[in-house]
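J.: quick one, what's the 3D model for this:
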Amino acid sequence: MSGDNVDGKVAPNSKNVSLPMSRVKLIMKSSPDVSNINQEALFLTTKATELFVQHLARSSYKNGSGKGKNTLSYSDLANAAEGTDNFQFLIDILPKKILARDYLKSLEERGEEDHI
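T.: Below is the predicted model:
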């Protein structure tokens, strides 16, 4: 039976994961290198993604500013990406927010440095 514990192993079943497996499959198929996706590989990828997101959220919450309010904000995620070695690869995906005027000012400063 799918999803039951057989010989100490859990069979792939969408009831064992929180993320929609169809969405994960769609994302996986968006890669030109992927043609066929086996159900077990799909299940494992979905479960691994789910566990990674939980780890990121817990780590961000533990070190975040919203502990007292029981909230997790974008800045908590961005700080975790910047401050934790395991999440360094997320810096481009979760950049710290910056005001437009501050960004424009930094662009002007870079332009002045290039002319010197």
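J.: downstream neighbour of the helix ranked longest in the chain in the secondary structure list?
T.: The longest helix of the chain (DSSP state H) is helix 39-62. Using DSSP states H and E, the helix or strand that follows helix 39-62 in sequence is helix 74-83.
J.: ok, residues contacting the following helix or strand past that following helix?
T.: Once helix 74-83 ends, the next helix or strand along the chain (criterion: DSSP H and E) is helix 100-115. For helix 100-115, there are no surrounding residues in contact (CB atoms under 8 Å, 6 or more residues apart in numbering). Any C-beta I mention is one placed from the backbone N, CA and C, and that applies to glycine too.
J.: so what's the most centrally placed residue in the chain closest to, chain neighbours aside?
T.: Residue closest to the average C-alpha location in the chain (CA atoms, centre = their mean): residue 53, at 5.5 Å. Distance criterion CB to CB, 6 or more residues apart in numbering; nearest residue to residue 53, sequence neighbours excluded, is residue 19 at 7.9 Å.
J.: so what's that neighbour up against?
T.: Taking CB under 8 Å, 6+ apart, one finds 46, 49-50, 53 in contact with residue 19.
J.: that older thread, buried residues in the longest helix of the chain?
T.: In terms of neighbour count (16 or more other CB atoms under 10 Å), helix 39-62 has its buried residues at 42-43, 45-47, 56, 59-61.
J.: centre of the chain to it, how far?
T.: How far helix 39-62 lies from its chain's middle: 8 Å, per CA atoms, centre = their mean, to the nearest Å.
J.: one more: stretch 56-68?
T.: With CA atoms, centre = their mean, you get 15 Å for stretch 56-68.
J.: contact partners of that stretch?
T.: Here stretch 56-68 has contacts from 72-73, 75-77, 79-80, 83-84, 87, 90, using CB under 8 Å, 6+ apart.
J.: kindly report the same for stretch 71-87.
T.: 56-57, 59-61, 63-66, 88, 90-91, 93-97.
J.: ok, 10 Å please
T.: 52, 55-67, 88-97 (CB atoms under 10 Å, 6 or more residues apart in numbering).
J.: from residue 76, how far off is residue 89?
T.: Distance of residue 89 to residue 76, given as CB to CB, to the nearest Å: 18 Å.
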